[in-house]
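Visitor: Below are the sequence and a predicted model for it; my questions follow.
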Amino acid sequence: MREARFLVEAIRCWRRARDSGRAVQPSLYAMLVRDGQEMLAPVFDSLITLFEAALGRRLAVGRPGETSPDEDLLLSLLRQPRRCAGCMRCPRGVMEALEHALSSTRIMIRLGRSAPRVA
């Protein structure tokens, strides 16, 4: 569950930065550095940007304590490797890019968990 909260926090940080016109990666970096996961800033930026492109609309986030259907879908896609074709309707190129981004994000999250912490 800790990982899901971490990912939802990243999604919402991305959304706030985009909505306010701030640069997304520095905002994500500031959030992720607390857990030593700052290397994930460009990974999450790319993934969420592609996810929003696949949705064909603005990604919706939930209220405090609740996740939105969009957040639930993205979390599900990250947890369970599967093709996006069954759950999203978007151009093939966007879908393929999203599937690669999901795979890369899974790898980077695992690498981030196993990386030694530098004091």
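Guide: Now that the structure is in, tell me what you want to look at. The structure presented is a predicted model; accordingly, all values stated were derived computationally and were not measured.
Visitor: show me the contacts for residue 32.
Guide: 10, 38, 39, 40, 41, 44 (C-beta atoms under 8 Å, 6 or more residues apart in numbering). C-beta here means a position set from N, CA and C on the backbone, and glycine is covered the same way.
Visitor: how about 6 Å then?
Guide: Counting by C-beta atoms under 6 Å, 6 or more residues apart in numbering, residue 32 touches 38, 40, 41.
Visitor: in this structure, which helix or strand is least confident?
Guide: Lowest by mean pLDDT, DSSP states H and E among the helices and strands of the chain is helix 92-114, with a mean of 88.
Visitor: chain center to that one: distance?
Guide: Between the centre of helix 92-114 and the centre of its chain there are 9 Å (C-alpha atoms, centre = their mean, to the nearest Å).
Visitor: mind listing the helices for this structure?
Guide: Using DSSP state H, the helices of the chain run over 2-20, 24-32, 41-55, 69-79, 92-114.
Visitor: Out of the contacts of residue 32, flag the one nearest to residue 6.
Guide: residue 40 (9.4 Å; C-beta to C-beta).
Visitor: can you count the residues close to that closest one?
Guide: 22 (other C-beta atoms under 10 Å).
Visitor: Going by distance to residue 107, which of the contacts of residue 32 wins?
Guide: Minimum distance to residue 107 across the contacts of residue 32 is 11.1 Å, recorded for residue 40 (C-beta to C-beta).
Visitor: now the residue lying closest to that closest one once chain neighbours are set aside: how far from residue 53?
Guide: Nearest residue to residue 40 in three dimensions, chain neighbours excluded: residue 32, at 5.5 Å (C-beta to C-beta, 6 or more residues apart in numbering). Distance of residue 32 to residue 53, given as C-beta to C-beta, to the nearest Å: 22 Å.
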